[in-house]
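> Test case, fold it:
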Amino acid sequence: MATKTEDPPLEAPSPTRIAAAETPKTALVSPVLVSATIIAGLYFGREIFIPIAIAVLLSFVLGPLVALLRRWHLPRVVAVGAAVVFTLGVVAALATLIGVQVAGLAGDVPRYRSTIERKVEGLRESPAAHLAAYVANIGRALHDAGNGDKAQKPDAETKSEKKRPEAKPEPNPEAKPARPQADPVLVEMRQAQPGPLETASTLLSPVMQPLATTGIVFVVLLFVLMQREDLRDRMIRLAGSSDLHRTTVAMDDAARRLSRYFVVQLALNTAFGLVVGIGLYLIGVPNPVLWGIVSAVMRFVPYIGAFLSALLPLALAAAVDPGWNMVIATAILFIVLEPLTGQIVEPMLYGHSTGLSPFAVLISALFWTWLWGPVGLLLSTPLTVCLVVLGRHIDKLEFLDVLFGNRAALTPVENFYQRILADDPEEAQEHAEQILQTCSLSAYYDDVVLKGLELAARDAARGVLTLDQKSDIRASVSELVDALAERDDRVPTPAASEFKPTGDAPAAATPDPDAIPPAWSQDGAVLCVAGRGFIDTPAATILAQLLAKRGLGTRIVSFGEVSRAKIADFDPGAARIVCIVSLAISGEPAHLRRLVDRLQRRMPDVPVVVGLWQADDDSAGRGSIPAAEHVSSLGSAVDTVLAHVGTKPERPILRVAAEA
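Reported below is the predicted structural model:
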């Protein structure tokens, strides 16, 4: 009789396993919920947040003025009050000036109607208009001809109905005569005259909302300037109070940068509006003061603000001038002035950009416009600049700098590795040309290429690279090295570039190839032996290229040529020194030790130099290799070989900054 076996009880999952399973979902859902809550709060609370945002931005603008008044030993209350009153006066004066200008423009509109009608009539009589009318007539004729072919003839029944005479109604003797209708009574409806309160409400309702918003802005601005230090301390507590020195320095630096940026931008846009107003006045466009103010305000809108501000002056110039000279002059004014301001003046005052990527400027404009309307469009760039500056100084907000900042998301090493991993040697060459504008070829190979190949060696050690990927990496590196074969190993003339070199010592000139002894200039004088790693051969090729640029004869030796089975048949030729290149991560010191033993037994009088570039910098492993010398960079390998030749080693070369 078979016995029934019971299933073993299920093991209860451990809390650690449950937490590990729930962590990815929680890590993904939590930021999404927080972001959605913040966006919803900003949208539904825009009536409150818009004045607060404007007040905070104005506080950055008025901060230097308050600090100046404080240096004059004025109390904080007096300094803040004077700055706020001054700002309020400027806003009131501009609002009054705009109102007067708009009222004058509205009164002159009927006077421009005849000029516009004459221009429209002139456009109708132009050759282009005649040509368009001729083409339209041809199209209309073709359309009528097509409709005539499809017309249907009336049938016989319809014709008979048309020919049948209509029967006249016979008079009814029993019908009563109709009574004459009375004249209608006119009723006039009159609306009661509005009282004083209703009249005041009708007149003030359009301006009540702007006045209320302005009042809230200045009240919040007053308190922000008064409680500036307290607000800063609270922001430090939120950002992280564990490192007060770092957080304080970061907050002060962010406030100083934002204040400088907003002040300079306000001054620049004001000057832009002033030049536009003067130019329109000289051209003869009416109300130049109004268009100067509009141009200054609209220039806060990224990319298209200045050109949008030119539409109304262009339309007015067309309405005033019977000809087209005023329109052309106005268009030239804006076309010349905006590129001059944006491409020359702005970089001279506060750098080449706002610190935002072009894509981030566009996305921020769309986002803030959707969130807060036209006011959001004007505030989009300043608000996003604030977020990016905070992201650069606060670790928890670093993602804002990565998403919206204009700094490179990847280091030069990561960029290089990504391009060769994606089998894109053309982009790798373009990236190399950019970096080589400010550094030597040796520095690029040492600080970018070899470190990128170390990343590839690390991935190969983890087993995440396929055979095809390894083959593509070797091919991309070989193509890059071939493309740079004609470039001199010199530091170029300093030029504007995003890649800034480090170090102060300039590179010495490349040694004259004629000064190299003949024994060292013949092929095979320097043997560049590659390790057994899949990227060691490209690395050996790079070393051979740098040595060849100095007039040394080189020969690249693969690992298979000096293996245990073939070392007895290996022909060293005219070798005078051996350089072993290896970028492997694990297990290499023991393997290199056996390789060095084989080479020393085969060539006992030839010194061996070992270059072991390991990502983990295992210096202890290097010491166990019985070589003549050990080097850790291509520059050191070149200097070591030149020392054996008898040539003075080169001075330190400029390095590529890791944060470039």
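> after the helix or strand bottoming out on mean pLDDT in the chain, next one along is what?
Using mean pLDDT, DSSP states H and E, the weakest-scoring helix or strand in the chain turns out to be strand 501-502, at a mean of 43. Downstream of strand 501-502, the first helix or strand assigned by DSSP states H and E is helix 518-521.
> Tell me the buried residues in that following helix?
Residues 520, 521 are the ones in helix 518-521 that count as buried (16 or more other C-beta atoms under 10 Å). Quick note: C-beta positions are derived from backbone N, CA and C, even for glycine.
> List of residues touching that helix?
Residues outside helix 518-521 that contact it (C-beta atoms under 8 Å, 6 or more residues apart in numbering): 513, 525, 526, 551, 552, 553, 574, 576, 645.
> switch to 6 Å and redo it
Helix 518-521 is contacted from outside by 551, 552, 553, 645, using C-beta atoms under 6 Å, 6 or more residues apart in numbering.
> CA atoms of that helix as PDB?
What follows is helix 518-521, C-alpha atoms only, in PDB (Å, rounded to 0.1, in the frame of the first residue of the first chain):
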ATOM      1  CA  PRO A 518      70.200  54.900 -36.800                       C
ATOM      2  CA  ALA A 519      70.100  51.800 -34.600                       C
ATOM      3  CA  TRP A 520      66.900  53.100 -33.000                       C
ATOM      4  CA  SER A 521      65.200  54.400 -36.100                       C
END
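> pLDDT of whichever strand or helix holds residue 376, averaged?
Using DSSP H and E, residue 376 maps to helix 374-393. When pLDDT is averaged along helix 374-393, the result is 82.
> nearest residue to residue 224 other than its sequence neighbours?
Of all residues not flanking residue 224 in the chain, residue 59 sits nearest, at 4.5 Å (C-beta to C-beta, 6 or more residues apart in numbering).
> which helices and strands does the longest helix anywhere in the chain pack with?
The longest helix of the chain (DSSP state H) is helix 76-124. Contact partners of helix 76-124 among helices and strands, from 3 or more C-beta pairs under 6 Å, 6 or more residues apart in numbering; DSSP states H and E: helix 46-71, helix 196-226, helix 311-320.
> before we move on, the earlier item: quick check: of the contacts of helix 518-521, which has the highest neighbour count?
In terms of neighbour count, residue 552 stands highest of the contacts of helix 518-521 at 26 neighbours, by other C-beta atoms under 10 Å.
> Wait, that one touches residue 528, no?
No. Using C-beta atoms under 6 Å, residue 552 is not in contact with residue 528; the gap is 10.3 Å.
> Out of the helices and strands packed on helix 76-124, flag the one nearest residue 413.
Closest to residue 413 of the helices and strands packed on helix 76-124 is helix 46-71 (C-beta to C-beta; 36.7 Å).
> So what angle separates the directions of the closest one and helix 76-124?
If you take axes from the mean of the first three to the mean of the last three C-alpha atoms, to 10 degrees, helix 46-71 sits at 120 degrees to helix 76-124.
> ok and helix 46-71 relative to helix 374-393, angle-wise?
Helix 46-71 runs at 60 degrees relative to helix 374-393, counting by the same axes, to 10 degrees.
> A helix includes residue 397, no?
Yes. Residue 397 forms part of a helix when assessed by DSSP: H, G, I helix; E, B strand; the rest coil.
> Can you report how many residues lie near it?
15.
> May I have the residues that are in contact with the nearest residue to it once chain neighbours are set aside?
Counting by C-beta to C-beta, 6+ apart, residue 397 lies nearest to residue 391, which is 4.4 Å off, once chain neighbours are set aside. Contacts for residue 391 (C-beta under 6 Å, 6+ apart) come out as 397, 398, 400, 401.
> One more pass at 7 Å, please.
397, 398, 399, 400, 401, 405 (C-beta atoms under 7 Å, 6 or more residues apart in numbering).
> buried sites along stretch 547-564?
Quick answer for stretch 547-564 (16+ other C-beta under 10 Å): 547-557, 559, 562.
> and if you look at stretch 458-467?
For stretch 458-467, by 16+ other C-beta under 10 Å, it's 458, 459, 460, 465.
> Quick check: the third one touching residue 532?
No. With contact defined as C-beta atoms under 7 Å, residue 460 does not count as touching residue 532 (11.7 Å).
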